[in-house]
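Student: sequence? don't have it. structure:
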């Protein structure tokens, strides 16, 4: 099993550009989530999904979209990048929900100029 | 609403010293789960432990031990005889069963000096 994979590992964008961060898992987990990590603030939930076709907002959803067309994939889209979105982004998955152990991908370091 | 507080921002110790990381949580639910994750300098997040609110039995795993006290809403983590490889950021997290979210503390940076 590859576990949770994320691409790309690094990305630099200009303000206003859009892009998609990819996340995939091969553990047949129902629950998937996206977090951002900023210095001194821990990890904050952006969006999550409890299964294919179902998504919901987390703490900091503004400026981000998600979709879950398959169990395996959970892409995160930045609609119009802003410098405030410079962060490290982690995707995670668990078998049945946030109360299960979540396994994290390696992260994507995004810089918006 | 649920909240996790890790009051210690940074801890620096010399190798072989014990290190205790504090975690205090808030939730209105009676059923919840507590976690500790480790983030080494390489950046990945490594799962360490998960406990549910009905199991207050403290646990020891090698050099790691956890002290869960519902009366004080604390879930502290101790590294015994620390090693340089223990240098990392440690996160405490909480999930209540009524919520589909995992709430993280701000993290404690542990530096172990040789």
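Tutor: All right, it came through fine. Since this is a predicted model, take the numbers as computed values, not measurements. Numbering: from 1, shown residues only, chains lettered A, B, ... in the order given.
Student: contacts, neighbours, all on C-alpha from now
Tutor: Will do.
Student: Do I have it right that residue B:28 meets residue B:2?
Tutor: Yes - assessed by CA atoms under 8 Å, residue B:28 is found in contact with residue B:2 at 7.4 Å.
Student: Which of those two has more residues huddled nearby?
Tutor: residue B:2 (16 against 10; other CA atoms under 10 Å in any protein chain shown).
Student: Just the local confidence number for that one, please.
Tutor: Note on residue B:2: pLDDT of 88.
Student: ok, now residue A:13?
Tutor: 97.
Student: what's around it, how many residues?
Tutor: 17.
Student: same question, residue B:75
Tutor: Residue B:75: 23 neighbours (other CA under 10 Å).
Student: same thing with residue B:49?
Tutor: 18.
Student: all strands of chain B, in order?
Tutor: Counting by DSSP state E, chain B has strands at residues B:3-5, B:10-14, B:19-21, B:24-26, B:32-39, B:46-52, B:59-61, B:64-69, B:74-79, B:88-96, B:103-104, B:108-113.
Student: worst average pLDDT in those?
Tutor: strand B:59-61 has the lowest average pLDDT among the strands of chain B, namely a mean of 82.
Student: Can you tell me the strand partners of it and which way each runs?
Tutor: Strand B:59-61 has its sheet partners listed here by DSSP bridges as strand B:64-69 (antiparallel).
Student: which residues does residue B:36 contact?
Tutor: B:47-50, B:90-93 (CA atoms under 8 Å, 6 or more residues apart in numbering or on different chains).
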